[in-house]
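Novice: I would like to see how this sequence folds:
(one chain, ligands or ions: 1)
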Amino acid sequence: MSDSQRSALVTGATSGIGRATAKKLISDGWTVFAAGRRQQQLETLATECEQLPGRLVLVATDVTDNASIDALFSTVEAAGGVDTILNIAGGALGAESIADANIDDWQWMIETNVLGSLRIIQKFLPMLRAHGEGTILNLTSTAGVVAYEGGGGYNAAKFGQHALTGALRLEEAEHNIRVVEVLPGLVKTEEFASKRMRGDESKAANVYAGVSKPLTADDVADVCSYAVNLPHHINLDEIVMRPVKQAAQHKLIRDEGTL
Ligand code: 8X3
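Specialist: Numbering: from 1, shown residues only. From the prediction side, this is the model:
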(Lines give C-alpha, C1' and ligand atoms only; values in the text may rest on other atoms or scores of the structure.)
Protein backbone atom coordinates (compact mmCIF):
# COMPACT_ATOMS: atom_id res chain seq x y z
CA MET A 1 0.00 0.00 0.00
CA SER A 2 1.48 3.38 -0.96
CA ASP A 3 1.16 6.39 1.38
CA SER A 4 -1.33 8.06 -0.91
CA GLN A 5 -3.54 5.02 -1.22
CA ARG A 6 -5.64 4.82 1.92
CA SER A 7 -7.49 1.65 2.65
CA ALA A 8 -10.15 0.93 5.25
CA LEU A 9 -12.27 -1.85 6.64
CA VAL A 10 -15.81 -0.70 7.46
CA THR A 11 -18.03 -3.06 9.49
CA GLY A 12 -21.80 -2.76 9.53
CA ALA A 13 -21.65 -1.66 5.90
CA THR A 14 -25.00 -3.12 4.87
CA SER A 15 -27.13 -0.27 6.23
CA GLY A 16 -27.29 3.04 8.04
CA ILE A 17 -24.13 4.75 9.23
CA GLY A 18 -21.81 1.93 8.15
CA ARG A 19 -23.16 1.95 4.65
CA ALA A 20 -23.02 5.75 4.37
CA THR A 21 -19.46 5.78 5.71
CA ALA A 22 -18.28 3.12 3.27
CA LYS A 23 -19.79 5.12 0.44
CA LYS A 24 -18.26 8.39 1.64
CA LEU A 25 -14.77 6.91 1.86
CA ILE A 26 -15.12 5.47 -1.64
CA SER A 27 -16.16 8.95 -2.79
CA ASP A 28 -12.99 10.21 -1.11
CA GLY A 29 -10.98 7.79 -3.27
CA TRP A 30 -10.23 5.14 -0.64
CA THR A 31 -10.16 1.40 -1.08
CA VAL A 32 -12.94 0.15 1.20
CA PHE A 33 -13.54 -3.37 2.41
CA ALA A 34 -17.25 -3.28 3.19
CA ALA A 35 -18.14 -5.94 5.76
CA GLY A 36 -21.68 -6.88 6.68
CA ARG A 37 -23.91 -9.90 7.12
CA ARG A 38 -26.32 -9.40 4.23
CA GLN A 39 -24.94 -10.17 0.78
CA GLN A 40 -27.88 -8.63 -1.06
CA GLN A 41 -27.39 -5.22 0.62
CA LEU A 42 -23.66 -5.38 -0.05
CA GLU A 43 -24.38 -5.91 -3.73
CA THR A 44 -26.75 -2.92 -3.79
CA LEU A 45 -23.98 -0.84 -2.25
CA ALA A 46 -21.63 -2.01 -4.99
CA THR A 47 -24.07 -0.88 -7.67
CA GLU A 48 -24.38 2.56 -6.06
CA CYS A 49 -20.61 2.93 -5.85
CA GLU A 50 -19.84 1.99 -9.46
CA GLN A 51 -19.16 5.56 -10.58
CA LEU A 52 -17.21 6.61 -7.48
CA PRO A 53 -13.44 7.06 -7.59
CA GLY A 54 -12.40 4.58 -4.89
CA ARG A 55 -12.39 0.79 -4.88
CA LEU A 56 -14.96 -1.35 -3.10
CA VAL A 57 -14.39 -4.91 -1.94
CA LEU A 58 -17.44 -6.68 -0.49
CA VAL A 59 -16.88 -9.17 2.30
CA ALA A 60 -19.87 -10.96 3.84
CA THR A 61 -18.99 -10.97 7.55
CA ASP A 62 -20.58 -11.62 10.92
CA VAL A 63 -18.65 -9.79 13.66
CA THR A 64 -19.98 -12.20 16.28
CA ASP A 65 -18.31 -15.16 14.58
CA ASN A 66 -14.57 -15.84 14.87
CA ALA A 67 -14.39 -17.97 11.72
CA SER A 68 -16.09 -15.23 9.74
CA ILE A 69 -13.55 -12.68 10.98
CA ASP A 70 -10.69 -15.04 10.11
CA ALA A 71 -12.06 -15.26 6.56
CA LEU A 72 -12.45 -11.48 6.39
CA PHE A 73 -8.85 -11.03 7.50
CA SER A 74 -7.57 -13.41 4.82
CA THR A 75 -9.48 -11.51 2.13
CA VAL A 76 -8.18 -8.14 3.30
CA GLU A 77 -4.61 -9.38 3.65
CA ALA A 78 -4.61 -10.97 0.19
CA ALA A 79 -5.92 -7.73 -1.34
CA GLY A 80 -3.18 -5.51 0.11
CA GLY A 81 -4.27 -4.83 3.70
CA VAL A 82 -5.75 -1.79 5.44
CA ASP A 83 -4.40 1.06 7.55
CA THR A 84 -7.79 2.04 8.99
CA ILE A 85 -10.61 0.17 10.72
CA LEU A 86 -14.05 1.66 11.29
CA ASN A 87 -16.06 -0.44 13.74
CA ILE A 88 -19.60 0.58 12.90
CA ALA A 89 -21.47 -2.73 13.30
CA GLY A 90 -23.77 -2.57 16.28
CA GLY A 91 -27.22 -1.53 17.34
CA ALA A 92 -29.92 -1.58 19.98
CA LEU A 93 -32.52 -4.21 20.77
CA GLY A 94 -35.40 -3.41 23.09
CA ALA A 95 -36.32 -0.39 25.17
CA GLU A 96 -37.57 -2.10 28.31
CA SER A 97 -36.73 -1.02 31.82
CA ILE A 98 -34.12 -3.03 33.71
CA ALA A 99 -36.95 -4.75 35.61
CA ASP A 100 -38.34 -6.18 32.38
CA ALA A 101 -35.14 -6.53 30.35
CA ASN A 102 -34.59 -9.55 28.18
CA ILE A 103 -31.23 -11.25 28.75
CA ASP A 104 -31.03 -12.43 25.13
CA ASP A 105 -31.31 -8.82 23.93
CA TRP A 106 -28.50 -7.73 26.24
CA GLN A 107 -26.34 -10.61 25.07
CA TRP A 108 -26.90 -9.66 21.43
CA MET A 109 -26.06 -6.01 22.12
CA ILE A 110 -22.90 -6.84 24.05
CA GLU A 111 -21.84 -9.43 21.46
CA THR A 112 -22.31 -7.05 18.57
CA ASN A 113 -21.23 -3.67 19.94
CA VAL A 114 -18.49 -4.65 22.40
CA LEU A 115 -17.22 -8.10 21.51
CA GLY A 116 -17.67 -7.55 17.78
CA SER A 117 -15.35 -4.53 17.99
CA LEU A 118 -12.94 -6.47 20.19
CA ARG A 119 -12.74 -9.39 17.77
CA ILE A 120 -12.06 -7.13 14.79
CA ILE A 121 -9.49 -5.07 16.71
CA GLN A 122 -7.57 -8.09 18.00
CA LYS A 123 -7.44 -9.64 14.55
CA PHE A 124 -6.29 -6.52 12.71
CA LEU A 125 -4.01 -4.84 15.29
CA PRO A 126 -0.84 -6.58 14.05
CA MET A 127 -1.58 -5.36 10.51
CA LEU A 128 -2.14 -1.79 11.71
CA ARG A 129 0.97 -1.82 13.87
CA ALA A 130 3.04 -3.13 10.96
CA HIS A 131 1.72 -0.37 8.71
CA GLY A 132 3.18 2.26 11.04
CA GLU A 133 0.29 4.76 10.87
CA GLY A 134 -2.87 2.94 11.85
CA THR A 135 -6.29 4.36 12.65
CA ILE A 136 -9.19 2.76 14.50
CA LEU A 137 -12.51 4.55 14.62
CA ASN A 138 -15.17 3.15 16.93
CA LEU A 139 -18.72 4.33 16.39
CA THR A 140 -20.27 4.34 19.86
CA SER A 141 -23.12 6.63 20.95
CA THR A 142 -24.11 9.32 23.41
CA ALA A 143 -25.80 6.30 25.06
CA GLY A 144 -22.24 5.27 25.95
CA VAL A 145 -21.77 8.24 28.27
CA VAL A 146 -25.28 9.05 29.59
CA ALA A 147 -27.74 6.42 30.87
CA TYR A 148 -31.45 6.87 30.30
CA GLU A 149 -34.69 5.11 31.19
CA GLY A 150 -35.34 2.20 28.86
CA GLY A 151 -31.75 2.37 27.66
CA GLY A 152 -30.16 -0.06 30.13
CA GLY A 153 -28.98 -2.78 27.78
CA TYR A 154 -27.90 -0.42 25.04
CA ASN A 155 -26.25 1.82 27.65
CA ALA A 156 -24.38 -1.18 29.08
CA ALA A 157 -23.14 -2.16 25.61
CA LYS A 158 -22.18 1.34 24.51
CA PHE A 159 -20.57 2.23 27.87
CA GLY A 160 -18.56 -0.98 27.41
CA GLN A 161 -17.51 -0.07 23.88
CA HIS A 162 -16.66 3.45 25.07
CA ALA A 163 -14.43 2.02 27.82
CA LEU A 164 -12.74 -0.37 25.39
CA THR A 165 -12.04 2.58 23.09
CA GLY A 166 -10.43 4.65 25.85
CA ALA A 167 -8.19 1.81 26.99
CA LEU A 168 -7.22 1.02 23.40
CA ARG A 169 -6.15 4.63 22.77
CA LEU A 170 -3.81 4.50 25.78
CA GLU A 171 -2.38 1.10 24.83
CA GLU A 172 -1.83 1.69 21.12
CA ALA A 173 -0.38 5.23 21.09
CA GLU A 174 3.10 3.72 21.41
CA HIS A 175 2.40 1.77 18.20
CA ASN A 176 1.39 5.00 16.46
CA ILE A 177 -2.23 3.89 16.15
CA ARG A 178 -4.71 6.69 16.68
CA VAL A 179 -8.06 5.74 18.18
CA VAL A 180 -11.03 7.93 17.34
CA GLU A 181 -14.46 7.65 18.95
CA VAL A 182 -17.56 9.12 17.32
CA LEU A 183 -20.55 9.38 19.67
CA PRO A 184 -23.74 10.35 17.84
CA GLY A 185 -27.03 11.21 19.50
CA LEU A 186 -30.32 10.98 17.62
CA VAL A 187 -29.67 9.69 14.10
CA LYS A 188 -32.58 8.79 11.86
CA THR A 189 -31.69 5.74 9.81
CA GLU A 190 -33.86 3.21 8.04
CA GLU A 191 -33.26 0.43 10.57
CA PHE A 192 -31.99 1.59 13.98
CA ALA A 193 -35.27 2.42 15.73
CA SER A 194 -37.24 -0.19 13.82
CA LYS A 195 -34.90 -2.96 14.98
CA ARG A 196 -34.85 -1.61 18.52
CA MET A 197 -38.67 -1.61 18.62
CA ARG A 198 -38.77 -5.12 17.08
CA GLY A 199 -40.42 -3.96 13.87
CA ASP A 200 -43.18 -1.89 15.53
CA GLU A 201 -43.06 0.96 13.00
CA SER A 202 -45.36 3.20 15.02
CA LYS A 203 -43.08 3.03 18.07
CA ALA A 204 -40.06 3.48 15.81
CA ALA A 205 -41.58 6.60 14.22
CA ASN A 206 -42.25 8.05 17.68
CA VAL A 207 -38.52 8.11 18.37
CA TYR A 208 -38.18 10.91 15.79
CA ALA A 209 -41.69 12.40 15.94
CA GLY A 210 -41.68 16.18 15.70
CA VAL A 211 -37.89 16.44 15.64
CA SER A 212 -37.46 18.65 12.62
CA LYS A 213 -33.93 17.66 11.73
CA PRO A 214 -32.47 14.58 13.39
CA LEU A 215 -28.98 13.65 12.25
CA THR A 216 -28.76 11.45 9.18
CA ALA A 217 -26.40 8.58 8.41
CA ASP A 218 -24.68 10.87 5.90
CA ASP A 219 -24.07 13.50 8.61
CA VAL A 220 -22.25 10.92 10.72
CA ALA A 221 -20.41 9.51 7.71
CA ASP A 222 -19.09 13.00 6.91
CA VAL A 223 -17.68 13.32 10.41
CA CYS A 224 -16.12 9.85 10.33
CA SER A 225 -14.57 10.66 6.98
CA TYR A 226 -13.25 13.97 8.28
CA ALA A 227 -11.63 12.29 11.29
CA VAL A 228 -9.86 9.55 9.33
CA ASN A 229 -8.77 11.87 6.51
CA LEU A 230 -6.96 14.24 8.87
CA PRO A 231 -3.16 14.03 8.93
CA HIS A 232 -2.28 11.01 11.04
CA HIS A 233 -0.71 12.92 13.95
CA ILE A 234 -4.13 14.49 14.73
CA ASN A 235 -6.32 12.28 16.90
CA LEU A 236 -9.89 13.44 17.43
CA ASP A 237 -10.29 11.44 20.62
CA GLU A 238 -14.03 11.79 21.17
CA ILE A 239 -16.50 13.49 18.86
CA VAL A 240 -19.96 13.95 20.39
CA MET A 241 -22.46 14.97 17.72
CA ARG A 242 -26.17 15.62 18.15
CA PRO A 243 -28.90 17.41 16.23
CA VAL A 244 -29.44 20.96 17.51
CA LYS A 245 -32.91 19.91 18.68
CA GLN A 246 -31.35 17.39 21.09
CA ALA A 247 -29.46 19.65 23.47
CA ALA A 248 -28.91 16.70 25.81
CA GLN A 249 -30.15 13.14 26.19
CA HIS A 250 -33.05 14.44 28.34
CA LYS A 251 -33.79 17.55 26.26
CA LEU A 252 -35.24 16.70 22.87
CA ILE A 253 -37.23 19.54 21.32
CA ARG A 254 -40.23 18.28 19.33
CA ASP A 255 -42.73 20.34 17.36
CA GLU A 256 -45.86 20.88 19.43
CA GLY A 257 -48.58 18.24 19.31
CA THR A 258 -46.48 15.58 17.64
CA LEU A 259 -46.59 12.97 20.42
C1 8X3 B 1 -28.39 6.18 19.45
C2 8X3 B 1 -28.55 7.32 20.38
O3 8X3 B 1 -30.19 8.45 21.98
O4 8X3 B 1 -31.01 6.51 20.76
O5 8X3 B 1 -27.10 5.65 19.49
O6 8X3 B 1 -29.46 6.24 22.54
S7 8X3 B 1 -29.85 7.10 21.46
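Novice: next, work out how far apart the residue positioned nearest the centre of the chain and the ligand are.
Specialist: With distances taken as Cα atoms, centre = their mean, residue 88 lies nearest the centre of the chain, 1.8 Å away. Distance of residue 88 to the ligand, computed by Cβ to the nearest ligand atom, to the nearest Å: 12 Å. Just so you know, the C-beta spots here come from the backbone N, C-alpha and C atoms, and that holds for glycine as well.
Novice: repeat for residue 86
Specialist: 16 Å.
Novice: pretty sure that residue is touching residue 9, no?
Specialist: Yes. Look at residue 86 against residue 9 with Cβ atoms under 8 Å: they come within range, at 7.0 Å.
Novice: so residue 41 touches residue 18, yeah?
Specialist: No. Using Cβ under 8 Å, residue 41 and residue 18 do not qualify as a contacting pair, with a distance of 10.2 Å.
Novice: neighbour-wise, which of these two wins?
Specialist: residue 18 (28 against 16; other Cβ atoms under 10 Å).
Novice: just the element for the more buried one, please.
Specialist: helix 16-27 (DSSP states H and E).
Novice: again, but for residue 46
Specialist: Here residue 46 is assigned to helix 39-48, by DSSP H and E.
Novice: pLDDT (mean, whole number) over the very next helix or strand once past that helix?
Specialist: Note on helix 39-48: by DSSP H and E, the next helix or strand toward the C-terminus is strand 55-60. For strand 55-60, the mean pLDDT works out to 97.
Novice: buried stuff in the very next helix or strand once past strand 55-60?
Specialist: Downstream of strand 55-60, the next assigned helix or strand under DSSP H and E is helix 66-78. Using 16 or more other Cβ atoms under 10 Å as the test for burial, helix 66-78 gives 68, 69, 72, 73, 75, 76.
Novice: so the third one is in contact with residue 62, correct?
Specialist: What it means is residue 72. No. The criterion here is Cβ under 8 Å, and residue 72 misses it with residue 62 at 9.3 Å.
Novice: give me the sheet partners of the longest strand seen in the chain and which way each runs.
Specialist: Counting residues, the longest strand found in the chain (DSSP state E) is strand 177-184. Strand pairing for strand 177-184, using DSSP bridges, gives strand 134-139 (parallel), strand 238-241 (parallel).
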